[in-house]
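J.: Could you work out the structure for the sequence below:
(2 chains)
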Amino acid sequence: MSTFILQVSGKAYGSAAPVHALRFAKAAIDEGHHILQVFFYQDGVFNASSLGSPASDEFNVYQAWQKLAKLHNVELVNCVSAALRRGMVAKEEAETQGLSHWNVDEHFTNGGLGELVSGIAKADRLICF
Amino acid sequence: MKKLCVVFSTSPHSNAAGREALDFAMLAASYDLETSLLFTDEGVLHLISNQEPESIGCRDYIATFGALEFYDIENLYVCEESLKEFAIAPSALPLDVQVLTNSDIREHFGSVDEVVVY
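T.: Modelled structure (predicted):
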């Protein structure tokens, strides 16, 4: 069994990166490997949106991440500084910054780059999408 | 501890990849991961002197490259082929970067644990 950390840098819509990452994660889990963490960085933070609403005949990448977290207990970490720069705000930040809205789904936790780096140190392999 | 190589492959300022790569590299080095940087393709444009990114509303993260030694990032590499493509003379580079051939780059990638491309 190997331990993987995944980094997703591609945006939720208009990039194939998250779909490839999801398929990798599912295949790795099915083969008995462990996904230590999925870290969303750069435009990857858009995957954490709780408001993304693709058309009904399109693949819903947002729901797919939420399902992965629920079914397999995979930790989804959104880089907080990359997210805030792009208007992706979690509930607790909205409260501390006095914002009236928030849009980061509850299955995602906020993290810093330190969590990515300590994950890289712990995992057998980093896979970037 | 693992060894990382952070690859700068996109031009500065047209998107945030270079800035986010630099943030990642400095953080990794501060966690004691042995971190090297490689500039290749349009990423070599990070090494042009006298840039004024503020004039197009961008933060001058290029200036931060001068602080890399404080993060113990000592191994800076640039792709020889890419320098030629952009007609940049190695003598004109503002940082102390080592010019690598394609086979040197292959060898370096083989010597690190993870390669992260931005």
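J.: Contact distance from chain B - what residues of chain A qualify?
T.: Proximity of chain A to chain B (CB under 8 Å from any CB of the partner chain) is limited to residues A:7, A:41-42, A:81-82, A:85, A:112-114, A:116-118, A:120-121, A:125-126, A:128. Bear in mind the C-beta positions are built from the backbone N, C-alpha and C, glycine included.
J.: Those residues, buried ones only, as a ChimeraX selection?
T.: Buried subset of the residues of chain A next to chain B, written as a ChimeraX selection, criterion 16 or more other CB atoms under 10 Å in any protein chain shown:
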select /A:7,41,42,82,113,116,117,118,120,121,126,128
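J.: What segments of chain A are helices?
T.: Secondary structure of chain A by DSSP state H: the helices cover A:17-30, A:61-72, A:80-85, A:91-96, A:113-122.
J.: Check chain B too.
T.: According to DSSP H, the helices that chain B contains are B:17-30, B:80-85, B:102-111.
J.: Quick one: mean pLDDT over the last one.
T.: If I follow you right, that is helix B:102-111. Averaging pLDDT along helix B:102-111 gives 98.
J.: Show me what that helix is packed up against.
T.: Secondary structure elements in contact with helix B:102-111, counted by 3 or more CB pairs under 8 Å, 6 or more residues apart in numbering or on different chains; DSSP states H and E, are strand B:3-8, strand B:34-39, strand B:75-79.
J.: ok, for A:Tyr62, nearest residue in space, not its chain neighbours?
T.: A:Gly52 (4.3 Å; CB to CB, 6 or more residues apart in numbering or on different chains).
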